[in-house]
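Colleague: sequence below, structure please.
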Amino acid sequence: MSDERMRVGVLVSGGGTDLQSIIDAGINVVKVISSKDGVYALERAANAGIEALAVTKKEYPKIADRMTVIADEMEKSGVELIVLAGYLEIVTSELLDRFPGNVINIHPALLPKFGGPGFYGLNVHKAVLEAGETESGATVHFVNEGVDKGPIIAQSKVPVKEGDTPETLQERVLEVEHVLLPRTVIELEKQRREEKKGK
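Modeller: The predicted structure follows:
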């Protein structure tokens, strides 16, 4: 049975709570790559017995080179789906062209609102509050070369509460991210299994 499971690679940049939610859901993560050395996400991967490494700007100053190395590493591990889980680099064609339709991202807002360059981390939640929105949430979408512009797969909403700060809103959005992301990956795996059966 284990051989039939979809092989998932995860790209991270920080603490890796979204990565943990995927691991805890029993998803078959076979490789984790970080854009930074020494982040806790790498430790989470090691604790789960998952092969992990960092591909950094220091080592590969050109983004095209970083993306090529990441694509090589993911291919080497037979990865079928790449998940961006708090990954803070813009993904380019060097990776996307080798995994067409197989790269997804989780974004901490209800796209198409509050997406694009600069909308990450607390910046997103700050913008949501400044705009006077009554709700926010998380979006899982396919990744293309437009930042946060790929087709939306799934969303989960949370209310914006009176007195919210960017930090309190971030916390509430993270909670739904940790449910939405693994659920979406499991759903995609199911769909793909059905498609294979149908062939």
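
Colleague: any buried residues in the longest helix anywhere in the chain, and which?
Modeller: Longest helix in the chain by number of residues (criterion: DSSP state H): helix 166-198. Across helix 166-198, burial judged by 16 or more other Cβ atoms under 10 Å covers 166, 169-170, 172-174, 176-178, 180-182, 184-185, 188-189. All C-beta atoms are positioned from the backbone trio N, CA, C, and that covers glycine.

Colleague: closest one of those residues to N123?
Modeller: P166 (8.3 Å; Cβ to Cβ).

Colleague: who's in contact with the closest one?
Modeller: Neighbouring residues of P166 by Cβ atoms under 8 Å, 6 or more residues apart in numbering: L122, H125, K126, L129.

Colleague: just send those back as a markdown table, with distance to A45, neighbour count and secondary structure too.
Modeller: Formatted as a markdown table, the contacts of P166 follow (distance: Cβ to Cβ, whole Å; neighbours: other Cβ atoms under 10 Å; DSSP: H, G, I helix; E, B strand; the rest coil):
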| residue | distance to A45 | neighbour count | secondary structure |
| --- | --- | --- | --- |
| L122 | 25 | 13 | helix |
| H125 | 27 | 25 | helix |
| K126 | 30 | 17 | helix |
| L129 | 33 | 16 | helix |
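
Colleague: taking those, tell me the two that lie furthest apart.
Modeller: Checking these with Cβ to Cβ, the most distant pair is L122 and L129, at 10.2 Å.

Colleague: A138: what secondary structure?
Modeller: Recorded secondary structure, A138: strand (DSSP: H, G, I helix; E, B strand; the rest coil).

Colleague: that one contacts Q155, doesn't it?
Modeller: Yes: contact criterion Cβ atoms under 8 Å: A138 and Q155 qualify, at 6.9 Å.

Colleague: shared neighbours of those two, which are they?
Modeller: L110, L180.

Colleague: of the two, which one has the most company?
Modeller: Taking other Cβ atoms under 10 Å, A138 and Q155 do not tie; A138 has more neighbours (27 against 17).
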